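1. When you get a sec, could you give me coordinates for this:
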Amino acid sequence: MRMQTWAASRSSTLSKSGLRLLALAIVLVAGVLSAGPASAAPSQGAAEGTLATCSGNSCNYQDPQATGCSAGAANFDEWTYMGYRVEHRYSPTCRAVWVRATYVSGNVASFGAHLETRLTAGNVRQYVTWRGNTGWSRMYSSAYYSRAVAVTSSGTHYGDWL
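-> Reported below is the predicted structural model:
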């Protein structure tokens, strides 16, 4: 078994931090470029017509649709696995993340997805609740590393920790 040196481990951690910051910067720049007139409230949900009701840790375990956090959200990461599109979503207004999954095509006997958040005490999972062909998980603060995970009867696919 190969042992990783402290420097190599720290370099790996810095690389992951750098990737997360780069993804966040892209999401924020995209949000600024697509922003409407200055008079529009950035935290107002387009479909819901309500202001976002949480931010950061106060969004933990809450629904992104019900809180207004889904308005203006973007993808940190997305991929297709076994006929389902899986998106690791981020709301800059709410500073929270969640997973959304959508059936695209194919015939999978079982499919599940969840948001996995890395905490000091262990990982927390928020499972997707289906609403027809699309479903989404509850949220967790974006202050922590998280990733999207898809699970089928034939295997599991893990997104990147961001």
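
2. which residues sit in contact with the nearest residue to Thr53 once chain neighbours are set aside?
-> Leaving aside its chain neighbours, Thr53 sits nearest to Thr67 (4.7 Å; criterion: Cβ to Cβ, 6 or more residues apart in numbering). C-beta: built from backbone N, CA, C; applies to glycine. Going by Cβ atoms under 8 Å, 6 or more residues apart in numbering, Thr67 touches 52-54, 59, 94, 139.

3. wait, is Thr67 part of a helix?
-> No. Counting by DSSP: H, G, I helix; E, B strand; the rest coil, Thr67 is not part of a helix but coil.

4. With adjacent residues omitted, what lies nearest to Cys54?
-> In space, Cys54 is closest to Thr67, 5.1 Å off (Cβ to Cβ, 6+ apart).

5. Tell me the buried residues in the one helix or strand Thr117 maps to?
-> Assigning secondary structure by DSSP states H and E places Thr117 in strand 111-119. For strand 111-119, the neighbour count (16 or more other Cβ atoms under 10 Å) marks 111-117 as buried.

6. for stretch 76-89, same thing?
-> By 16+ other Cβ under 10 Å, the buried positions in stretch 76-89 come out as 76-77, 81-82, 84-89.

7. ok, Val149 - how many residues close by?
-> Using other Cβ atoms under 10 Å, Val149 has 22 neighbouring residues.

8. Give me the mean pLDDT for the helix or strand containing it.
-> Element membership for Val149 (DSSP H and E) is strand 146-152. Mean pLDDT, strand 146-152: 97.

9. Just the CA trace of that strand, in CSV.
-> Output of strand 146-152 as CSV, limited to C-alpha atoms (Å, rounded to 0.1, in the frame of the first residue of the first chain):
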residue,chain,number,x,y,z
SER,A,146,-20.8,17.8,-1.6
ARG,A,147,-21.4,15.6,-4.6
ALA,A,148,-24.2,14.1,-6.6
VAL,A,149,-24.6,10.3,-6.5
ALA,A,150,-26.7,8.0,-8.7
VAL,A,151,-27.5,4.4,-7.7
THR,A,152,-29.1,1.7,-9.9
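
10. Okay then, goodbye and thanks.
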